[in-house]
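**Student:** Quick one, fold the following:
(one chain, ligands or ions: 1)
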Amino acid sequence: MIMVLSASVRGAVVSYGRVRALDGVDLDLAPGTHTALLGPNGSGKSTLLSVIAGVERPSAGHVELAAPGVAFVVQRSEASDRLPVTVRDTVAMGRWAERGLWRRMTRADHTLIDACIDRLGLTDLADRRLGELSGGQRQRALVAQGLAQRAPLLLLDEPATGLDSEAQQIIDDVIADEVSRGTTVVTATHHLESARRADRCVLMARGRIAFEGSPAEALDEARLSEAFLPAH
Ligand SMILES: Nc1ncnc2c1ncn2[C@@H]1O[C@H](COP(=O)(O)OP(=O)(O)OP(=O)(O)O)[C@@H](O)[C@H]1O
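**Tutor:** Numbers count the residues shown, from 1 in each chain. Presented below is the predicted three-dimensional model:
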């Protein structure tokens, strides 16, 4: 049986100077599924997301996407925190790729932007500047921006970092909703509870995939401690 994939990565290698951030990674993403990437700091999770998003070009290997359009929600940075824009502006930017910078937003765009703001519980903060918000609120604004892109592939780099358990729950529910709409979602996460809700877990170690399987298989204690062992 031939399965149509949303995206596939073959033999991806990425080096930063002497560091091999990715060392020959193969990954298949089935449509309408949630894949959780887990692994210690520096194991290559963010780099793999960047390669799938097309932000980083592998020096060897390649990525194929079934359809164009990737929404990539990167980790919050000092730079994004200081942008002089409101929550609504931030989420509206998610429509730029489709609308073009200079074309007017349609009524449907505004409805979608409001829905994404609401979905992340930010309606009361919609007109506040990002700089006036807590880290967790800014993080939710960036996830709302990712949702507003309505891309077939949604990549989230540690979306729940710094969030309280209620906000984390919102993100997990948003991911589940997106998957049920047919979106293919990949998250890099350190939260085992979120990973447990994924369809598949990929354990990364030193730029390679150490294991992939169902959450029950991957999140086994022995398996996790092996993947998280320090390099030797
Ligand atoms: N822009 C860069 N310049 C130099 N080295 C980099 C760069 N980006 C990543 N690296 C290195 O590549 C390796 C993989 O980093 P990556 O950010 O992909 O890991 P990660 O698994 O996402 O880690 P974390 O859990 O800390 O986010 C690390 O050794 C990191 O130091």
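**Student:** hey, which helix is longest across this protein?
**Tutor:** Using DSSP state H, we find that the single longest helix of the chain is helix 165-180.
**Student:** what angle do whatever helix or strand comes next after that one and helix 165-180 make?
**Tutor:** With elements assigned by DSSP states H and E, the helix or strand that comes after helix 165-180 is strand 184-188. Using axes from the mean of the first three to the mean of the last three CA atoms, to 10 degrees, the inter-axis angle of strand 184-188 relative to helix 165-180 is 150 degrees.
**Student:** Got the confidence number for Arg223?
**Tutor:** pLDDT recorded at Arg223 is 82.
**Student:** next one: Val13
**Tutor:** pLDDT recorded at Val13 is 98.
**Student:** Show me the strands in the chain, by range?
**Tutor:** Ranges of strands within the chain are 7-16, 19-29, 34-38, 60-65, 70-73, 153-157, 184-188, 200-205, 208-213, based on DSSP state E.
**Student:** Minimum distance to Arg138: which of the ones you listed has it?
**Tutor:** Judged by CB to CB, the one of those that comes nearest to Arg138 is strand 70-73, at 11.7 Å. From N, CA and C alone the C-beta is placed, and that goes for glycine too.
**Student:** contact partners of that closest one?
**Tutor:** By CB atoms under 8 Å, 6 or more residues apart in numbering, the residues outside strand 70-73 that reach it are 49-50, 52-55, 94, 142-143, 145-147, 149-151, 153-157, 159.
**Student:** Apply 10 Å and report the result again.
**Tutor:** Strand 70-73 is contacted from outside by 7, 49-50, 52-55, 63, 94, 97, 139, 142-159, 178, 183-187, using CB atoms under 10 Å, 6 or more residues apart in numbering.
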